[in-house]
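# What follows is a predicted structure for the sequence shown.
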Amino acid sequence: MNCPVCNDVAEQRFRPFCSRRCADIDLGRWLDGSYVIPPEERRGPDTADRDLRTLKEPETA
């Protein structure tokens, strides 16, 4: 496994990083907003109401 910061061989002690320095660089990137997890798509109230109506409607067969 290679370090995701510098691509050097990862050290077991700092896994998945090769050193404390690269681990700290990665943490700094998270803290300053360089890395972000995209938000899930928000569902509006109209979509929730429509879903609720669909659940309440009896099935016709």
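That came in fine, so what should we check first?

# rest of the way, CA atoms for contacts and neighbours
Noted.

# Can you report phi and psi for V9?
For V9, the backbone dihedrals (degrees, to the nearest 10) come out as phi -70, psi 130.

# OK, contacts around the nearest residue to it once chain neighbours are set aside?
Among residues not flanking V9 along the chain, N2 sits closest, at 4.6 Å (Cα to Cα, 6 or more residues apart in numbering). Contact partners of N2, counting by Cα atoms under 8 Å, 6 or more residues apart in numbering, are 8-10, 16-18.

# which residues of this structure fall in helices?
Counting by DSSP state H, the chain has helices at residues 20-31, 45-56.

# Could you tell me the least trusted of those helices?
Out of the helices of the chain, helix 45-56 stands lowest, with a mean of 60 (criterion: mean pLDDT).

# quick revisit: state the pLDDT value of the residue nearest to V9.
pLDDT, read off for N2, is 96.

# mind checking how far it is from L31?
Counting by Cα to Cα, to the nearest Å, the gap from N2 to L31 is 22 Å.

# ok so, going back, restricted to strands, list the contacts of N2.
Counting by DSSP state E, no part of those is found in strands.

# out of these, what pair is the most spread apart?
Taking Cα to Cα, the two most distant members of the contacts of N2 are D8 and P16; they sit 10.4 Å apart.

# More neighbours: these two, which one.
P16 (17 against 14; other Cα atoms under 10 Å).

# just checking, M1 touches V9?
Yes - when contacts are counted by Cα atoms under 8 Å, M1 is listed as touching V9 (6.3 Å).

# quick one: contacts for E40?
For E40, the contact set (Cα under 8 Å, 6+ apart) is empty.

# pLDDT at it, what is it?
79.

# 52 is where my numbering starts, stick with that
With 52 as the first residue, the last one maps to E91.

# Please report how far the residue nearest to V60 lies from P67.
On the measure of Cα to Cα, N53 and P67 end up 7 Å apart.

# Now the common contact residues for those two.
Listed contacts common to N53 and P67 are A61; contacts here mean Cα under 8 Å, 6+ apart.

# Compute the number of surrounding residues for the closest residue to C57 other than its chain neighbours.
Distance criterion Cα to Cα, 6+ apart; nearest residue to C57, sequence neighbours excluded, is C73 at 7.3 Å. Residues contacting C73 under the criterion other Cα under 10 Å number 19.
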